[in-house]
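**Student:** Quick one: sequence and predicted model below, then my questions.
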Amino acid sequence: MFDCGMHMGHHDHQRYPDFARILAATPGADFTSAISCVVITHFHLDHIGALPYFTEVCGYHGPIYMTYPTKALAPLMLEDYRKVMVDHRGEEEQYSYEDIQNCMKKVIPLDLKQTIQVDRELVIRAYYAGHVLGAAMIYAKVGDAALVYTGDYNMTPDRHLGAAQIDHLKLDLLITESTYAKTVRDSKHAREREFLKAVHKCVSGGGKVLIPAFALGRAQELCILLDDYWERMNLKIPIYFSAGLTIQANMYYKMLIGWTSQKIKDSYTVHNPFDFKHVCDFQRSFINDPGPCVLFATPGMISGGFSLEVFKRWAPSEKNLVTLPGYCVAGTIGHKLMSGKPTRIDLDKETHIDVRCQIHQLSFSPHTDSKGIMDLTEFLSPSHVILVHGEKPQMSFLKERIESELGMPCYYPANNETVSIPTTKNLKISATDKFIASCSTSQARDSTQKSNLICGNHLSGANGDEKLAEGILLMEKSKDAKILCEDELLQLLGAEGHSLQFEPLLHSRIGEAETDIVDDLASE
Amino acid sequence: CSATNLEECMRKTQTVKYGEEVCFNGMLMLKASSSGLELGNCVWSIKGPRASITYLPSTVFVSAHALDCDYNSLKENDIILFSDFSSLDVMDENNENLGENAMLCDDSLSRDDGVDEDEYVQCLCKNDDIAEEIERISFICSCISDAIKSGGSVLIPIGRLGVILLILEHISETLLSSDMKVPIFMISGAAEKIISFTNAVPEWLCKPRQEKLFSREEEALFGHVELLKEGKLSLFPHLYSKGLLAAWKEPCIVFCPDWNLRHSTAVHLLRRWHADKRNLLVLEQGVDAELALKPFMPVAIQVLECSFLSGIKVRKVNPLLSVLKPKLVLFPEDLKSRCPSKEDAPWSYLYYSKGKTIEIPNTREDFEVGLPTDVAFGLQPRQLDKAIAVARLRAKLHLSKGQYVLVAPKDQSDESNRQLLHWGAVDAGRLLSALQEKGIECAFPADDDDGPAGCERSILITSPGEALVKMAPEKTVIYCDDESTTRLIYDALSSVCNGI
């Protein structure tokens, strides 16, 4: 099972995956026996939100894999979400604090590029995906069938994370996210300047800036950006993080420096970028303080919790600014703000909020754009592609592109749809030393490759005009099949080779003619 | 060795993580796994198409800092190159505790059928190694605390990172309990980088320390982070750094990992402290203490020589081999007496010694080749007799990631239908019938020698084209100018002669 997430836009049972389908597919089984393992790509709730429910409530007790940062940071996200659900929305608790702890205890942490044998047949491996700290793309192989599931990824580096990185792999299938299936993003610097300009303008006018973001992920990125800018422009206006989560988050980021960008890894002993100079903790009472400030508050799409509380207070003033993350799920206030310019948002039948503040849409989402998706697909060159995590019309467009430009079949199944992909299968046969040697000599003659010997996927003999290997496949009753050379076969059969020659007819006559001449001469 | 040399050398190295498979030249798959001795130390698994070798240097099964030896990942390998020489340095083998521990690991007492793998694993993972190590560290710390109490300073020129980190961790506890406020200095060009590095690599540490990352209570992976934060531990690149001179206070504890007998921080401080019997010098065993102290003789400073866990204990060697189940063990000749080979071991031994080249026999005769289904479906097998069938195989042989794979050729010419190998004799009479069945007019020539089998026979063909077929015991020649007739003759011949 790749990922186990929650749909942030639904508030009923629809928020969870339809786990019953697993049991329906394998009758007589329970969750633990039906699934070999669960692999989680990163700590965003749409990828991990349902995990404690799956393990503690549904009852899955098999292995769960995720990277070290994901295992460290996921409980913070899950606990934060749980509190928002229960404390702020008064909903029935889906899983408890203990459930989250118990669930995480079962998790086996993964490092990048480690080949993990899950069971006798299944092998998995994690690759760096960018996007958020600890996000991974997962390679899975059973026998000779191999696939990669990308989770969410970013093909360009940002301030605190590197770009996604993966080896050349032989794949039957690539399952890739397609959040921005149709968009190509322009330069990051331009977008950063726009954001900083908007923020600076707001605080210069005495306004407050609300940046709704989960404590982990975009918040760190934007914080580094703002901290740098504040330093350069010598601004004294406070930048706040809603208390609690920051301290813990920053402590983790310091222990997980190995998962950040190369630039940070090279310089953290001198200056740790997660030691923010201008960031302070927020007290609740500050909400009503006059004067400008910048505040990071969770959750990210103003779907509830503290960011909603602050929004209610600050939205009515046109001096203030709210910056929205690049993507908001339908059903959230963030989404409503993004679509059109609402002057009023209805929270429920009785309450509404007057919206007079500025809205700025951030567009440095940590997702790859369509160029990145095409680049990755071309790089990996799988036999088939499946698109997920996107919107239907854009996915349809991207599917056409992939099929026409890259020539591989592409699908974008809806939820609960099944897709079957044919896979390679290699039979394992013994071959004699002599056979291998005979092939190698003919190929060695043709190969002139002397370049870098250490490479992950050295496919010797990939060039087309080589001599073919010739051998005999021997199948003996109650013995394993074997590949031999021709003379080894003769030896085995105890037979002598019988050569067959083709000559022009004339040559046979020459022989006769010679005999005649000799005879004639003899008779003379 | 200059800085440029170092940089050049490092540029040529490729770094890998534990468990990361790297391919060399298409043929060998290399994989490093933790060895347990120090941060980053590893055992190597090298797999080729026909052989798999484990390179086993010094290993520690339960460590207090580094990730434990990952012997599980070494289980399928055929050959073990045993290269852990640490037991050669152990002085008192005789004084090893021959108690209950020994019973469990002593093969002469246990029988093969009685002991299953779990018991061997238990023996390997017994905490005795780590318990001894912790005891040693505690003892060192108590000596340090005694020296401090008496007003002396402590010099620790030990280079082993794991040991330094453990001592730092325990020292803070010891000092706290006795309420002593003594500064701790670490003087080395690499100090700052190493110290911050160790708190940023949870994936390389032992499991209990990894748990600190996941639990919410702990703030760091090692105790020294707290010491640094509280200002009790300070790092300086060298003895005459401005900061150190300003902060210097005696008594103090100094770690100087760059140990050099003649010019290093340690030597300067020894000169300063050697005459006071309150001071303490903690040395790692093996460093020639006499030689190191000679220039300062006579010394009054207390010297504590310690040996630290450097590899596998002799009594754990056979249980380890029993768990790994190799086919062949390459063992150092020098260790043979210390570590007797297991009786009735299912593996064989080959002993190696300095200067001698030994050849290692193949553990497997044949190679394994992957045959894709599309190539398999393209085969045309031919049954030779009740027990044997053969098929001609024409494919490209690829070597990728240490595995051979046959790949279907791009152009499938119908030459694949032709039989190219023939054997056995050709019966002239049967050939004649076969030719006639194909509608070919043929006959034995008038002067054909119908003699005993084994001599030359001929068949003359007149229609549809002219041809002559000469059969000898090991050779048949078809004389013909016309391609279609030749083809017919060939087909007839193939039907009466064994071939593929």
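**Tutor:** Okay, I see it. Numbers count the residues shown, from 1 in each chain, chains lettered A, B, ... in the order given.

**Student:** Now the stretch 201-350 of chain B against chain A: closest residue?
**Tutor:** Closest residue of the stretch 201-350 of chain B to chain A, CB to the nearest CB: B:Glu203 (4.4 Å). Bear in mind the C-beta positions are built from the backbone N, C-alpha and C, glycine included.

**Student:** Apart from its chain neighbours, what residue comes closest to that residue?
**Tutor:** Excluding the flanking residues, the one nearest B:Glu203 by CB to CB, 6 or more residues apart in numbering or on different chains is A:Asp111, at 4.4 Å.

**Student:** do the same with B:Val317
**Tutor:** Nearest residue to B:Val317 in three dimensions, chain neighbours excluded: B:Cys339, at 5.0 Å (CB to CB, 6+ apart).

**Student:** and if you look at B:Lys386?
**Tutor:** Per CB to CB, 6+ apart, closest to B:Lys386 is A:Lys477, 7.4 Å.

**Student:** where along the stretch 401-500 of chain B do the strands fall?
**Tutor:** Along the stretch 401-500 of chain B, the stretches classed as strands by DSSP state E, counting those that start in this stretch are B:403-407, B:422-423, B:441-443, B:457-463, B:467-471, B:475-480, B:498-499.

**Student:** do the same with the stretch 151-300 of chain B
**Tutor:** Counting by DSSP E, counting those that start in this stretch, the strands of the stretch 151-300 of chain B are B:154-156, B:184-187, B:233-236, B:253-255, B:280-284.

**Student:** In its sheet, which strands sit next to the first one, and in what direction?
**Tutor:** Under the criterion DSSP bridges, strand B:154-156 sits next to strand B:253-255 (parallel), strand B:280-284 (parallel) in its sheet.

**Student:** Distance from that strand to the middle of the chain?
**Tutor:** Centre-to-centre, strand B:154-156 and its host chain are 37 Å apart (CA atoms, centre = their mean, to the nearest Å).

**Student:** before we move on, back to that, would you mind giving the strands of the stretch 151-300 of chain B as TSV with mean pLDDT and mean neighbour count added?
**Tutor:** TSV is the format used below for those (pLDDT from 0 to 100; neighbours: other CB atoms under 10 Å in any protein chain shown):
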stretch	mean pLDDT	mean neighbour count
strand B:154-156	93	27
strand B:184-187	94	23
strand B:233-236	93	21
strand B:253-255	94	24
strand B:280-284	90	22
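
**Student:** So which of the ones you listed is nearest B:Cys23?
**Tutor:** Of all the strands of the stretch 151-300 of chain B, strand B:280-284 sits nearest to B:Cys23, with 38.5 Å by CB to CB.

**Student:** Flag the shaky bits of the stretch 151-300 of chain A, pLDDT-wise.
**Tutor:** The stretch 151-300 of chain A contains residues with pLDDT under 70 at A:215, A:243-247.

**Student:** ok, which residues in it are in contact with chain B?
**Tutor:** Listed as neighbours of chain B in the stretch 151-300 of chain A under the rule CB under 8 Å from any CB of the partner chain: A:170, A:248, A:251-252, A:254-258, A:268-269.

**Student:** would you turn the residues you listed into JSON lines with neighbour count, distance to B:Ser2 and secondary structure?
**Tutor:** As requested, those are exported to JSON lines (neighbours: other CB atoms under 10 Å in any protein chain shown; distance: CB to CB, whole Å; DSSP: H, G, I helix; E, B strand; the rest coil):
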{"residue": "A:Lys170", "neighbour count": "17", "distance to B:Ser2": "43", "secondary structure": "coil"}
{"residue": "A:Gln248", "neighbour count": "17", "distance to B:Ser2": "45", "secondary structure": "helix"}
{"residue": "A:Met251", "neighbour count": "17", "distance to B:Ser2": "40", "secondary structure": "helix"}
{"residue": "A:Tyr252", "neighbour count": "22", "distance to B:Ser2": "40", "secondary structure": "helix"}
{"residue": "A:Lys254", "neighbour count": "19", "distance to B:Ser2": "34", "secondary structure": "helix"}
{"residue": "A:Met255", "neighbour count": "22", "distance to B:Ser2": "35", "secondary structure": "helix"}
{"residue": "A:Leu256", "neighbour count": "22", "distance to B:Ser2": "35", "secondary structure": "coil"}
{"residue": "A:Ile257", "neighbour count": "22", "distance to B:Ser2": "30", "secondary structure": "helix"}
{"residue": "A:Gly258", "neighbour count": "19", "distance to B:Ser2": "29", "secondary structure": "helix"}
{"residue": "A:Tyr268", "neighbour count": "20", "distance to B:Ser2": "27", "secondary structure": "coil"}
{"residue": "A:Thr269", "neighbour count": "15", "distance to B:Ser2": "23", "secondary structure": "coil"}
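
**Student:** was I right about the residue nearest to B:Glu203 contacting B:Lys17?
**Tutor:** Yes - contact criterion CB atoms under 8 Å: A:Asp111 and B:Lys17 qualify, at 5.5 Å.

**Student:** Those two: who's more crowded?
**Tutor:** A:Asp111 (19 against 16; other CB atoms under 10 Å in any protein chain shown).

**Student:** how distant is stretch B:422-435 from the center of its chain?
**Tutor:** Counting by CA atoms, centre = their mean, stretch B:422-435 is centred 58 Å from the centre of its parent chain.

**Student:** Please apply the same query to stretch A:172-183.
**Tutor:** The answer for stretch A:172-183 is 10 Å, by CA atoms, centre = their mean.

**Student:** So which bits of it are buried?
**Tutor:** Neighbour counts over stretch A:172-183 (16 or more other CB atoms under 10 Å in any protein chain shown) mark A:172-182 as buried.

**Student:** and the closest residue to B:Ser63 other than its chain neighbours, which of the three is it?
**Tutor:** In this structure, B:Ser63 finds its nearest non-sequential neighbour in B:Gly36, 4.6 Å apart by CB to CB, 6+ apart. Under DSSP: H, G, I helix; E, B strand; the rest coil, B:Gly36 falls in the coil class.

**Student:** Tell me how far B:Gly36 lies from chain A.
**Tutor:** The gap separating B:Gly36 from chain A is 17 Å, by CB to the nearest CB, to the nearest Å.

**Student:** Contact partners for that residue?
**Tutor:** The contact partners of B:Gly36, by CB atoms under 8 Å, 6 or more residues apart in numbering or on different chains, come to B:59-63, B:66-69.

**Student:** now those as CSV including secondary structure, neighbour count and distance to B:Ala395?
**Tutor:** Putting those into CSV (DSSP: H, G, I helix; E, B strand; the rest coil; neighbours: other CB atoms under 10 Å in any protein chain shown; distance: CB to CB, whole Å) gives the following:
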residue, secondary structure, neighbour count, distance to B:Ala395
B:Thr59, coil, 27, 43
B:Val60, coil, 28, 47
B:Phe61, coil, 23, 46
B:Val62, coil, 19, 50
B:Ser63, coil, 28, 49
B:Ala66, strand, 22, 47
B:Leu67, coil, 22, 43
B:Asp68, coil, 19, 45
B:Cys69, coil, 27, 42
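
**Student:** So which of those residues is the closest to chain A?
**Tutor:** B:Leu67 (10.3 Å).

**Student:** Tell me how many other residues crowd the residue nearest to B:Lys386.
**Tutor:** So A:Lys477, with other CB under 10 Å, has 9 neighbours.

**Student:** next one: A:Met66
**Tutor:** With other CB under 10 Å as criterion, A:Met66 counts 30.

**Student:** Could you look up the SS state of it?
**Tutor:** strand.

**Student:** So what pairs up with it in the strands?
**Tutor:** In this entry, A:Met66 is beta-bridged to A:Pro109, by DSSP bridges.
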